[in-house]
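Asker: sequence unavailable; structure follows:
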């Protein structure tokens, strides 16, 4: 077995036995959230990194998934777990509509349109109180509270997501997505139905993002429009996870998810209680600086530019 | 019946008539040249054939069927291939992957696409570079890759847009050989070119335009001696010689 395979096996063993070794609910929570971001980040990466359609509105799909799960409870008196199935499907269907509107636009205009889309859905959720209870949000009673269960669900979902995206990118669809990203007009001239395939990419992306949203509803037991349709907490975070980890790589978003969640928590907790209180507000500043750093020095993210990182880190070590 | 027929093709952008009432046809199996000074509308004509631009008026027929309301990718499936002036390969993928991506136009499995791509790379003398990243190819290789990508869609008619621009003399000879090879394998070619050596040696017929309008059509010899063509390229003084 090659080094890479051994590493993956080791990682798999670590992942499966994690809750056994780590009993602190605090750290379990962080890892569960990180795994959720692996899903959202990978889904965003499929549409933005691989297909070149940079969405600033992935909160749309996350929130739709979360609210699907929540509304199944409040209006249809079903278990929120059904949301794990329907959340993704509803997000996917709405994704088709969003695509129909937004794919007429390209580049920064597409980004702006998706940003507007995210905000529109946030406003709908805030104001359509009959359906969503508005700013009051949705609170559900969990049937299971053990973090171990949620951990394994998140682990399964993130593994499935990465696997599906990996297989898709190796297939005809993968070639078509990249062709569209590089030059949409040349792609059309080579017989690629660019509208169709952009929508296929969007459907896969929105399905997984919506499912992650439904998971969030089940796990956190409380959602409101301010959080799940948030431009800052969801849409931008998805972009950061993708960029920092590495766009257009299979494992980039996974790495990015753990880094961003770790960073976010480090600041929120004021360096775990060590730093002065004002640092808990500084995470937005640090995120911004991080993005600038990545764009300037590591445009392909940590995974994409790993060889560059190795070179420079070793060079610094050598001069010491 | 001509393979490709342009009838009274007109394309305006606002007040500007980029292409004005152009009519010509391309017969199956021939190499047709389209020449004209910079800005005369040649690439616009290609973009209209391809339906990247919609026509303002007139019609375009491919194998007798009007294609002016079809989508670009549908036209490719019908058998019209095209290269672009500014080549844009999938730079972070290998040469082989670049052509494989286009081969999916005609086949569905990865294995078939890859095999088809390998054959095309052989044809274009790029087989030895199949595992190189597209961005590492020099301009000559990239232009050939551009042609290879178009060939993978198995076109009956191929539109070549300035494929010889920027090539060294020896690369030019290779390009000319490749174009002849394509014609010999049964592909009809409509080629836009500035480099006279290329277009005069390989074209069966030439259509010359200036300011979006036809100024001459005929064999290379006829067109080269046409006063209007000389005037367009070299100015009035030369036309009167």
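Answerer: Looks like it arrived, so ask away. What you see is a predicted model, and the numbers here were worked out from it, not measured in a lab.
Asker: quick one: pLDDT of the residue nearest the centre of chain A?
Answerer: Nearest to the mean C-alpha position of chain A, counting by CA atoms, centre = their mean, stands residue A:40 at 1.8 Å. Residue A:40 is assigned 97 on the pLDDT scale.
Asker: from residue A:33, how far off is it?
Answerer: Distance, residue A:40 to residue A:33, using CB to CB, to the nearest Å: 11 Å. (C-beta placed from N, C-alpha, C; glycine too.)
Asker: please apply the same query to residue A:196.
Answerer: Residue A:196 sits 35 Å away from residue A:33, going by CB to CB.
Asker: show me which of those two is the more surrounded one.
Answerer: Set side by side, residue A:196 and residue A:33 show more neighbours around residue A:33, with 19 against 11, by other CB atoms under 10 Å in any protein chain shown.
Asker: shouldn't residue B:32 be within a strand?
Answerer: Yes: assigned with DSSP: H, G, I helix; E, B strand; the rest coil, residue B:32 falls within a strand.
Asker: now do the contacts for the closest residue to it other than its chain neighbours.
Answerer: In space, and not counting its chain neighbours, residue B:32 is closest to residue B:26: 4.5 Å by CB to CB, 6 or more residues apart in numbering or on different chains. Going by CB atoms under 8 Å, 6 or more residues apart in numbering or on different chains, residue B:26 touches B:2-5, B:32, B:157, B:188, B:190.
Asker: most neighbours among those, which one is it?
Answerer: Neighbour max across the contacts of residue B:26 (other CB under 10 Å) = residue B:190, 26 neighbours.
Asker: report the beta-bridge partners for that one.
Answerer: Residues in a beta bridge with residue B:190, per DSSP bridges, are residue B:32, residue B:159.
Asker: doesn't residue B:158 make contact with it?
Answerer: Yes: the criterion here is CB atoms under 8 Å, and residue B:190 meets it with residue B:158 at 7.4 Å.
Asker: spell out which residues of chain B are next to chain A.
Answerer: By CB under 8 Å from any CB of the partner chain, the residues of chain B that approach chain A are B:50, B:52, B:71-73, B:76-77, B:81-82, B:84, B:88-93, B:97, B:100-102, B:104-105, B:108, B:110, B:113, B:149-150, B:152-153.
Asker: from the residues you listed, which land in strands?
Answerer: B:81-82 (DSSP state E).
Asker: so which of the residues of chain B next to chain A are in helices?
Answerer: B:72-73, B:76-77, B:97, B:100-102, B:110, B:113, B:149-150 (DSSP state H).
Asker: low-confidence ranges, chain A, go.
Answerer: A:1, A:316-320 (pLDDT under 70).
Asker: residues in it within reach of chain B, list them.
Answerer: A:170-172, A:175-176, A:178-179, A:182-183, A:185-186, A:188-194, A:248.
Asker: now, the residues you listed that are in helices?
Answerer: Secondary structure defined by DSSP H assigns A:170, A:172, A:175-176, A:178-179, A:182, A:185-186, A:188-189, A:194 of the residues of chain A next to chain B to helices.
Asker: those residues into TSV, with extra columns for neighbour count?
Answerer: TSV is the format used below for these (neighbours: other CB atoms under 10 Å in any protein chain shown):
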residue	neighbour count
A:170	12
A:172	19
A:175	25
A:176	24
A:178	22
A:179	27
A:182	19
A:185	16
A:186	23
A:188	24
A:189	28
A:194	19
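Asker: what is the nearest of those residues to residue A:60?
Answerer: Checking these against residue A:60 by CB to CB gives residue A:194 as the nearest, at 21.8 Å.
Asker: surely that closest one touches residue A:187?
Answerer: Yes: Residue A:194 lies in contact with residue A:187 (CB under 8 Å); the separation is 5.6 Å.
Asker: if any of the residues of chain B next to chain A are buried, give me the ChimeraX selection for them.
Answerer: Under the burial definition 16 or more other CB atoms under 10 Å in any protein chain shown, those of those that qualify are selected in ChimeraX by:
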select /B:50,52,72,73,76,81,82,84,89,90,93,97,100,101,102,104,105,110,113,149,150,152,153
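Asker: can you pull out the helices in chain B?
Answerer: Under DSSP H, chain B gives helices at B:42-49, B:72-78, B:95-103, B:110-123, B:139-151, B:169-184, B:196-202, B:220-224, B:227-234, B:236-239.
Asker: buried deepest among those, which one?
Answerer: Comparing these by mean neighbour count (mean count of other CB atoms under 10 Å in any protein chain shown), helix B:95-103 ranks first with a mean of 27.
Asker: just give the number of residues close to the closest residue to residue A:232 other than its chain neighbours.
Answerer: Excluding the flanking residues, the one nearest residue A:232 by CB to CB, 6+ apart is residue A:284, at 7.9 Å. Residue crowding around residue A:284 was assessed by other CB under 10 Å; the count is 12.
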